[in-house]
Structure formats: C-alpha cells, structure tokens
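K.L.:
below are the sequence and a predicted model for it; my questions follow.
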Protein chains: 2
Amino acid sequence: MCEAHAFILKNGKEEKVLDDVDLVELNDDEVKLVSIFGEQKTLKARLKFYNNTERKILFEPV
Amino acid sequence: MCEAHAFILKNGKEEKVLDDVDLVELNDDEVKLVSIFGEQKTLKARLKFYNNTERKILFEPV
C-alpha cells in the first residue's frame, strides 16, 4: 500500500535492499530494516534521502 | 494520504517538527524536510527511527 522501498548507494548506483519497509531503526552506524512481511536486513549505513512520492528510502554506506 | 510526520527527540520527548513529509534529505548532520505543501524545515539531526505503520519519522539531535 504505502510502504517504501529501501535502496543503498553503491558506486553511484542505487541497489535495492528491501521492499515494503515497515520499520527502520538506527543505532550508531547500524541500520535495521524490517519489511511488512517480517523480513529483516541490517546495513552499515546512514540515511541519505527519503522520497515519499517515489516511496524510496536511500541509504549510503558508512 | 500516506505521508509521514517528522518528530525530534528532545529531553526524551518527541516533538513534532513537520507534518505530511514528502522529502527528507541529509547532508552531513543537516536534515532538510519538505512537506507536501512545500513547507521546509532544517534540523541538525540524524534519523533514529522510521515507522511506516505509525507514519512517523523520528530524528535525534546531533
């Protein structure tokens, strides 16, 4: 429905990390993503950009 | 519709910063928020938490 999709910037390109993101939680440099289906991903990254219209959450590595 | 609302954590409490956030852009420690109505806010902060179900974007000061 309204879920956004998470990408990470790698070598100037956006790579999909997780679809239908429900939760994003940051602790220091660690980003934990949880989808509406319960799928989890953890990244060493920080938020770069969020675009609600495009439903996109873009991270960059740290 | 699907827009989220931005809060910042201050002294353990969540303070509303901006409603109906369309864009979030981070450059170093500076967060620029733009609402669907074009209202803009700039914070010295970083993302702490995003909850899609609650439509909440929570920042913490840096």
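P.N.:
Thanks, I have the structure now.
K.L.:
whichever strand or helix holds residue A:49 pairs with which strands?
P.N.:
Element membership of residue A:49, judged by DSSP states H and E, is strand A:40-51. Paired neighbours of strand A:40-51 in the sheet (DSSP bridges): strand A:30-35 (antiparallel), strand A:56-61 (antiparallel), strand B:13-27 (antiparallel).
K.L.:
run a quick neighbour tally on the closest residue to residue A:40 other than its chain neighbours.
P.N.:
Distances taken as CB to CB, 6 or more residues apart in numbering or on different chains put residue A:34 closest to residue A:40, at 5.2 Å, once the chain neighbours are dropped. Every residue, glycine included, has its C-beta placed from N, CA and C. Residue A:34 is flanked by 18 other residues according to other CB atoms under 10 Å in any protein chain shown.
K.L.:
also residue A:13?
P.N.:
Considering only other CB under 10 Å, residue A:13 is surrounded by 8 other residues.
K.L.:
circling back to that earlier point, please name the bridge partners of the residue nearest to residue A:40.
P.N.:
Here residue A:34, judged by DSSP bridges, has bridge partners residue A:23, residue A:40.
K.L.:
that one: what's it in contact with?
P.N.:
A:21-23, A:25, A:40 (CB atoms under 8 Å, 6 or more residues apart in numbering or on different chains).
K.L.:
the residue lying closest to residue A:7 once chain neighbours are set aside pairs with what?
P.N.:
Excluding the flanking residues, the one nearest residue A:7 by CB to CB, 6+ apart is residue A:14, at 4.3 Å. Beta bridges link residue A:14 to residue A:9 when assigned by DSSP bridges.
K.L.:
rewinding a little: restricting to C-alpha, output the strand holding residue A:49 in CSV.
P.N.:
Extracted C-alpha coordinates of strand A:40-51, given in CSV (Å, rounded to 0.1, in the frame of the first residue of the first chain):
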residue,chain,number,x,y,z
GLN,A,40,15.0,-8.2,8.2
LYS,A,41,18.1,-6.6,6.8
THR,A,42,21.0,-4.9,8.6
LEU,A,43,23.3,-2.4,7.0
LYS,A,44,26.2,-0.3,8.0
ALA,A,45,24.8,2.8,6.6
ARG,A,46,23.0,6.1,7.2
LEU,A,47,20.0,7.7,5.6
LYS,A,48,20.8,9.9,2.6
PHE,A,49,17.3,10.6,1.2
TYR,A,50,13.7,9.8,1.7
ASN,A,51,11.1,10.5,-1.0
